[in-house]
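Chemist: return a 3D structure for these sequence lines:
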Amino acid sequence: MDSRNLFSGPKAVFLLATLCCLLWGSAYPAIKNGYAMFGIAADDIPGKLVFAGWRFLFAGWVLLVLARIMNKPVFRFSARDLGALGLLGVTQTTLQYVFFYIGLAYTTGVKGSILNATGTFFSVLLAHFIYHNDRLSYRKALGCAVGFAGVMVVNLAGGGAGLDFEFTLLGEGFIVIAAFVLSAATIFGKRISQRMDSMVMTGHQLSIGGAVLLLMGYGGGGTLEGFTLASTALLAYMVVLSSAAFALWATLLKYNRVGMVTVYNFLIPVFGALLSAIFLGEDILQWRNALALAMVSAGIWWVTTEKTPSLTVASAPIQQPQTTRKTGGPSH
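Modeler: Numbers count the residues shown, from 1 in each chain. Here you go, the predicted structure:
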């Protein structure tokens, strides 16, 4: 069957884009379960970096092998491109996941999935100041306002008058910082993707970023112990979800309009919250969680269904073919 027929059309986009969002959403409970399976304590930052490093190093290798099988030029780039890939790997993978993995240890999977969705709104705001043809419209501004209001709602305390704010720098703060770092790095990645295949670019930046995470983790005394059949399977799943989701998402963007694909970004926090409730026993039905999830999802919907192209990020891979691509997902 022709690839265009297999990956194009409303039904294919709906099924495959939903699958990608499901995979990225599953990263939230998977990471927290990984901490438990490998015995990584909340304050064991080097151990978290080692855990993340192996995941992204292997995910990058998988993408590069896949790119080689598809006859893509895996190692055909200049010294300038190599330097750019190194910088992208250190920012988009290493720096982002330093904040993300630490932050997720100090907050719930439900809150983490909602807070990390702020990356979409940061991208829209950054694009307004950087690209003359991607200005804020009323619809985008409204989507950002509703989305950030949802983030405020999810951090409201449940006791008393309900007006206290539950927000810690190491927890919720680091998740939001990770979202901002990903958004900013995406703009840099956009420039590189104009002269390099997106799958090759992502494979290298994940490998480089993962290797730096490993150096930082082992250099700080971190280890990764407690390998069992279950913990090894979980780590393998996290490697596959990163590489498979990106490969599918990039293929959808190749054969379909960008807006037709990125509109499904709102499903990532939905799946992240639902799966965290199922596998971590967290309460998604608290009024603040349910309302915040609805507001953030609605905000993402509004900013990604704009008729004019927009730069969008979700915790996970980069969005426009040869212009804006989502390279990670979450990056999780």
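Chemist: hey, where'd the strands end up in the protein?
Modeler: 313-314, 316-319, 325-326 (DSSP state E).
Chemist: what's the average pLDDT for stretch 267-287?
Modeler: On average, the pLDDT along stretch 267-287 is 83.
Chemist: list the buried residues in it.
Modeler: Buried residues in stretch 267-287, defined by neighbour count with 16 or more other Cβ atoms under 10 Å: 267-277, 280, 282, 284. Just so you know, the C-beta spots here come from the backbone N, C-alpha and C atoms, and that holds for glycine as well.
Chemist: closest to Gly60 among the residues you listed?
Modeler: Ranked by distance to Gly60 (Cβ to Cβ), these are led by Ile268 at 21.1 Å.
Chemist: look up how far Gly119 lies from that closest one.
Modeler: 10 Å (Cβ to Cβ, to the nearest Å).
Chemist: buried sites along stretch 243-255?
Modeler: Buried residues in stretch 243-255 (16+ other Cβ under 10 Å): 243-253, 255.
Chemist: my error: substitute stretch 85-102 in the last question.
Modeler: 85, 87-102.
Chemist: same check on stretch 183-197?
Modeler: 183-187, 189-190, 192-193, 196-197.
Chemist: low-confidence regions, the protein specifically.
Modeler: Counting by pLDDT under 70, the chain shows low-confidence ranges at 1-5, 157-165, 258-259, 285, 306-332.
Chemist: quick one, what contacts Phe279?
Modeler: Counting by Cβ atoms under 8 Å, 6 or more residues apart in numbering, Phe279 makes contact with 29, 33.
Chemist: switch the cut-off to 6 Å
Modeler: Applying Cβ atoms under 6 Å, 6 or more residues apart in numbering, we find Phe279 in contact with Pro29.
Chemist: any idea how far it lies from Gly25?
Modeler: 11 Å.
Chemist: on that earlier part again, in TSV, list the buried residues of stretch 243-255 along with distance to Ala292.
Modeler: Output for the buried residues of stretch 243-255, formatted as TSV (distance: Cβ to Cβ, whole Å):
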residue	distance to Ala292
Ser243	30
Ala244	29
Ala245	24
Phe246	27
Ala247	31
Leu248	28
Trp249	25
Ala250	30
Thr251	32
Leu252	28
Leu253	29
Tyr255	34
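Chemist: in helices only, show me those.
Modeler: Of the buried residues of stretch 243-255, the ones assigned to helices by DSSP state H are 243-253, 255.
Chemist: now Val240. Nearest residue, chain neighbours left out?
Modeler: Among residues not flanking Val240 along the chain, Val62 sits closest, at 7.3 Å (Cβ to Cβ, 6 or more residues apart in numbering).
Chemist: my read: that neighbour touches Ala244, true?
Modeler: No - between Val62 and Ala244 there is no contact under Cβ atoms under 6 Å: 8.3 Å.
Chemist: helices - which of the buried residues of stretch 183-197 land there?
Modeler: 183-187, 189-190, 192-193.
Chemist: could I get these as JSON lines with distance to Gly112?
Modeler: Conversion of these to JSON lines gives the following (distance: Cβ to Cβ, whole Å):
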{"residue": "Ser183", "distance to Gly112": "16"}
{"residue": "Ala184", "distance to Gly112": "20"}
{"residue": "Ala185", "distance to Gly112": "19"}
{"residue": "Thr186", "distance to Gly112": "19"}
{"residue": "Ile187", "distance to Gly112": "23"}
{"residue": "Gly189", "distance to Gly112": "23"}
{"residue": "Lys190", "distance to Gly112": "26"}
{"residue": "Ile192", "distance to Gly112": "28"}
{"residue": "Ser193", "distance to Gly112": "27"}
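Chemist: relative to Phe51, which of those is nearest.
Modeler: For these, the nearest to Phe51 is Ala185 (20.9 Å; Cβ to Cβ).
Chemist: wait, the closest one sits on Gln92?
Modeler: Yes - the pair formed by Ala185 and Gln92 meets the contact definition of Cβ under 6 Å, at 3.7 Å.
Chemist: so who does Gly209 touch?
Modeler: Taking Cβ under 6 Å, 6+ apart, one finds 56, 89, 93-94 in contact with Gly209.
Chemist: how far away is it from Ala27?
Modeler: Gly209 sits 16 Å away from Ala27, going by Cβ to Cβ.
Chemist: ok, now Leu169?
Modeler: Taken as Cβ to Cβ, the span from Leu169 to Ala27 is 22 Å.
Chemist: for Glu271, which non-adjacent residue is closest in space?
Modeler: Not Glu; residue 271 is Phe. Gly25 (2.7 Å).
Chemist: please tell me how far the one you found sits from Val124.
Modeler: Gly25 sits 21 Å away from Val124, going by Cβ to Cβ.
Chemist: mind listing what the nearest residue to Ala145 once chain neighbours are set aside touches?
Modeler: Closest residue to Ala145 apart from its sequence neighbours, by Cβ to Cβ, 6+ apart: Gly299 at 7.6 Å. Listed by Cβ under 6 Å, 6+ apart, the contact set of Gly299 reads 143, 146-147.
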